[in-house]
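K.L.:
Attaching a predicted model along with its sequence, questions to come.
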Amino acid sequence: MSEHSGAPAPAPVPSAAPSPVTRRGAVTGAAALAASGYLAAPASAHGDDGRHGHGSRRARVTVLGTTDLHGNVYNWDYFKNREFDNAAHDDIGLAKVRTLVKAVRAERRGEPILTLDAGDTIQGTPLAYYYARIDPITKGSTHPMATAMNLVGYDAAALGNHEFNYGIDTLRTFESQLDFPLLGANAVDPATGRPVFRPYVVKRFRVHGRPLTVGVLGLTNPGIAIWDKANVEGRMAFPGLVEQAKRFVPEMRRRGCDLVVVAAHSGADTSSSYGDALPYPENASSLLAAQVPGIDAILVGHAHKEIAQRYVANETTGQQVLLCEPSYWGMRLAVLDLDVELVRSGRHGRRRWALASATSQVLNSNTVDADPQVSRAVRRAHDTVVAYVNSKIGTSTTELSAARAVVEDVPIIDFVNHVQADAVKAALTGSDAALPVLSIAAPFNRSASFPSGDVTVRDVAGLYIYDNTLLAVRVTGADVRAYLEYSARYFKQVSGTGPFTIDQLTNAPSPTAPNGTPDYNFDSVAGLDAPLTYAIDVAAAPGSRIRDLAYGGRPVADADRFVLAVNNYRQSGGGGFPAVSTAPVVYNAQVEIRQLLIDWVTTHHTIDPADFASVDWRLVSGGQPINVS
């Protein structure tokens, strides 16, 4: 068996089904593994203490992996101000992950073990936001994710695309606070093409008296060049994962790596949310396995999926390359078993370790209690953020809800559009200042609401759950119509006026979203100084649904000119909406929309729908109003 080949893959190990949440007493060690669905491989496959024949020729390397932690340390929902829970009763956070990690390490004490992460660490929760923007780590704070990850004892982590959301200075500060390297073989200097982060790390072990060397290659997402263009343009470039792996995997093998493991912030199923805007696919882990010889296993990230075990055959060597993705937010811990054996290779028949077989499974975090050391270490930061998000910043004259925002023009979405458009208009100069300002907003969170009475940071943050920044572009009337037609693909085509349920109308499947168009890809458009009014005819075919489009009561002509407030995700091509990614940018102050909303409430104190709300769009069928229950 050569160093690039592997034995045929054994039957897949089934994923552990979600178990009821267990929070009674400390669940640790062997009990933690048993409760989490851990499937132990036969001991005979992994040798013994090295004193007996077969045992001295075989060994097991364990790779423990997480991905897409997104600022989650505790099993806590900051927007709901209570423990996290979902329909499957998953638990989240690094504190629970560490309990599982410690249990596996204890069960496999003395064996080679690596702990890796596949990226997206410092964005996603108010805990992460607070230490990037409110009490930034660039001014002396320590990021709670750094504290927690150091306690877990990671050996390396790949860069995720969201690592770049807060700018390179914040990322570099976070990097400096870690006890392990951040890897990014395809985050390169635009001038030299050389990686600006470490491309890989080499870990050396001694097993049965012989050296065993494992290389870990880190790859991030090419989409960073689009999604965080304002932060990285001219400073970093992001070539394809396959292209960079073809450069570095042979180098790692030449350096004596017996095994090569990749931590890739790129989904397994080849696709790109940015279409053909870049020559490199967003989700390329399967391509890595198929097209780059010499990779033994891939810890997959970015797609927020659970892949307990998958194999992809390399097109050159035929090796079955193992892929594993442990869901997201710390819901699962990946356990990859890489069994190696001593083989003779080279002209002189030198004995070295080579992969014999590879299997993987995922362990469920909801079966264990949080690690007390991590919990204590991050408690002060957590309590600070809980107090921050629950602080009162204003009042609302009435309850505002997003529950029906996908079928009605509701005031809480009007609020987002008003604040965005108002901020853009105040900053425009020159001839652009004379143009009418429009704004786009999507129902990111149907459960969001402002109560009647006191409104907190948490209420506002729960409405806008992404760390998007505000931009504005110059568009034509034809662009606005095309944008609305594209957005209206969100609705299923129906006949008659109902009554319909919301589910009967919304989340229509499409070629790019076969499981249904997500809510965040349904944008409504509103005017600031005058209403932009239109109807969406759900009886018509997608592409011909917008009726009676008017601004200030006058039909919108193709040649009309507007300024359109958008978020950076849309402007960078996210969702594939027309016009906005190529239209001239007239405003980009790198201001986060969520913070704009918080600041507006803090400044104005009172949220009164009479100041900004109106019904400007409606659903119709054949021109007749429809009834949605």
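P.N.:
That came through fine. Computed from a predicted structure; not experimentally measured. Residues are numbered from 1 along each chain as shown.
K.L.:
for the protein, what helix or strand is lowest in average pLDDT?
P.N.:
Among the helical and strand segments of the chain, the one scoring lowest on mean pLDDT, DSSP states H and E is helix 29-35, with a mean of 75.
K.L.:
what helices or strands is it leaning on?
P.N.:
Packing contacts for helix 29-35, counted by 3 or more Cβ pairs under 8 Å, 6 or more residues apart in numbering; DSSP states H and E, involve helix 94-107. Any C-beta I mention is one placed from the backbone N, CA and C, and that applies to glycine too.
K.L.:
buried ones in the helix it packs on?
P.N.:
94, 95, 96, 97, 98, 99, 100, 101, 102, 103, 104 (16 or more other Cβ atoms under 10 Å).
K.L.:
What strand or helix carries residue 589?
P.N.:
Assessed by DSSP states H and E, residue 589 sits inside strand 585-592.
K.L.:
avg pLDDT for that strand?
P.N.:
Mean pLDDT, strand 585-592: 83.
K.L.:
in its sheet, what does that strand sit against?
P.N.:
According to DSSP bridges, strand 585-592 forms sheet pairs with strand 469-476 (antiparallel).
K.L.:
Tell me which helix or strand comes right after the strand it pairs with, heading toward the C-terminus.
P.N.:
helix 477-487.
K.L.:
by how many degrees do that next one and strand 469-476 diverge?
P.N.:
Here the directions of helix 477-487 and strand 469-476 differ by 120 degrees (axes from the mean of the first three to the mean of the last three Cα atoms, to 10 degrees).
K.L.:
List the contacts of helix 477-487.
P.N.:
Here helix 477-487 makes contact (Cβ atoms under 8 Å, 6 or more residues apart in numbering) with 438, 440, 475, 521-525, 532, 534, 536, 542-546, 549, 556-562, 564, 576-580, 583.
K.L.:
Same question for the helix or strand just after that helix: list its buried residues.
P.N.:
As assigned by DSSP H and E, the chain's next helix or strand after helix 477-487 is helix 502-505. Buried residues in helix 502-505, counting neighbours by 16+ other Cβ under 10 Å, are found at residue 505.
K.L.:
Restricting to C-alpha, output helix 502-505 in PDB.
P.N.:
Output of helix 502-505 as PDB, limited to C-alpha atoms (Å, rounded to 0.1, in the frame of the first residue of the first chain):
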ATOM      1  CA  ILE A 502     -48.600  31.200   5.000                       C
ATOM      2  CA  ASP A 503     -46.900  27.900   4.200                       C
ATOM      3  CA  GLN A 504     -49.000  27.500   1.100                       C
ATOM      4  CA  LEU A 505     -47.700  30.800  -0.300                       C
END
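K.L.:
by contact count, what packs against the helix or strand that it is followed by?
P.N.:
The C-terminal neighbour of helix 502-505 among helices and strands, as given by DSSP H and E, is strand 524-527. If you count contacts as 3+ Cβ pairs under 8 Å, 6+ apart, strand 524-527 packs onto helix 411-427, strand 437-441, helix 477-487.
K.L.:
Show me what the helix or strand just after the second one pairs with in its sheet, parallel or antiparallel.
P.N.:
To tie it back to what came earlier, the one meant is strand 437-441. Using DSSP H and E, the next helix or strand after strand 437-441 towards the C-terminus is strand 449-450. Strand pairing for strand 449-450, determined by DSSP bridges: strand 400-401 (antiparallel).
K.L.:
would you list every one of the helices in the stretch 501-629 of the chain?
P.N.:
Residue ranges of the helices in the stretch 501-629 of the chain, as given by DSSP state H, counting those that start in this stretch, are 502-505, 568-571, 593-604.
K.L.:
Of those, which stretch is the most buried?
P.N.:
helix 568-571 (a mean of 24; mean count of other Cβ atoms under 10 Å).
K.L.:
and that helix, average pLDDT?
P.N.:
90.
K.L.:
For stretch 505-523, which outside residues touch it?
P.N.:
406-407, 440-444, 446, 466, 483, 487, 489-494, 538, 542, 570, 575-577, 619, 628.
K.L.:
related to what we said a few turns ago, now the buried residues of helix 94-107 as TSV including distance to residue 326?
P.N.:
Converted to TSV, those look like this (distance: Cβ to Cβ, whole Å):
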residue	distance to residue 326
94	13
95	16
96	12
97	9
98	14
99	15
100	10
101	12
102	17
103	15
104	13
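K.L.:
what pLDDT, on average, does stretch 454-473 get?
P.N.:
92.
K.L.:
One more: stretch 506-516?
P.N.:
For stretch 506-516, the per-residue pLDDT averages 88.
K.L.:
gap between the two ends of that stretch?
P.N.:
End-to-end span of stretch 506-516 (Cα to Cα, to the nearest Å): 8 Å.
K.L.:
Give me the buried positions along it.
P.N.:
By 16+ other Cβ under 10 Å, the buried positions in stretch 506-516 come out as 506, 507, 508.
K.L.:
starting at the chain centroid, how far to it?
P.N.:
Here stretch 506-516 is found 20 Å from its chain centre; the criterion is Cα atoms, centre = their mean, to the nearest Å.
K.L.:
Then stretch 73-80?
P.N.:
Centre-to-centre, stretch 73-80 and its host chain are 17 Å apart (Cα atoms, centre = their mean).
K.L.:
And residue 222, how far from residue 308?
P.N.:
Residue 222 sits 27 Å away from residue 308 when distances are taken as Cβ to Cβ, to the nearest Å.
K.L.:
Please say which of these two ends up with more neighbours.
P.N.:
Neighbours were counted for residue 222 and for residue 308 using other Cβ atoms under 10 Å; residue 222 has more, 27 against 23.
K.L.:
so that one makes contact with residue 278?
P.N.:
Yes - contact criterion Cβ atoms under 8 Å: residue 222 and residue 278 qualify, at 5.4 Å.
K.L.:
Need the nearest residue in space to residue 190, chain neighbours excluded.
P.N.:
Excluding its sequence neighbours, the residue lying closest to residue 190 (Cβ to Cβ, 6 or more residues apart in numbering) is residue 237, at 4.4 Å.
K.L.:
try residue 538
P.N.:
The nearest residue in space to residue 538 (Cβ to Cβ, 6+ apart) is residue 491, at 4.7 Å.
K.L.:
the helices in the stretch 251-400 of the chain, which residues?
P.N.:
Under DSSP H, counting those that start in this stretch, the stretch 251-400 of the chain gives helices at 285-291, 372-389.
K.L.:
before we move on, the earlier item: for the residue nearest to residue 538, give me the pLDDT.
P.N.:
97.
K.L.:
Can you get me a residue count around residue 452?
P.N.:
Around residue 452 there are 12 residues (other Cβ under 10 Å).
K.L.:
need the contact list for the closest residue to it other than its chain neighbours.
P.N.:
Leaving out its chain neighbours, the residue that sits closest to residue 452 by Cβ to Cβ, 6+ apart is residue 399, at 4.5 Å. Listed by Cβ under 8 Å, 6+ apart, the contact partners of residue 399 are 449, 450, 451, 452.
K.L.:
Need the buried ones from those residues selected in ChimeraX.
P.N.:
Remark: buried members of the contacts of residue 399, expressed as a ChimeraX selection using 16+ other Cβ under 10 Å:
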select :449,450
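K.L.:
How about the contacts made by residue 530?
P.N.:
So residue 530 contacts 436, 551, 552, 553 (Cβ under 8 Å, 6+ apart).
K.L.:
give me that answer again for 7 Å
P.N.:
436, 551, 552 (Cβ atoms under 7 Å, 6 or more residues apart in numbering).
K.L.:
Which element is encountered next along the chain beyond the one helix or strand residue 151 maps to?
P.N.:
Assigned by DSSP H and E, residue 151 belongs to helix 144-152. Once helix 144-152 ends, the next helix or strand along the chain (criterion: DSSP H and E) is strand 156-158.
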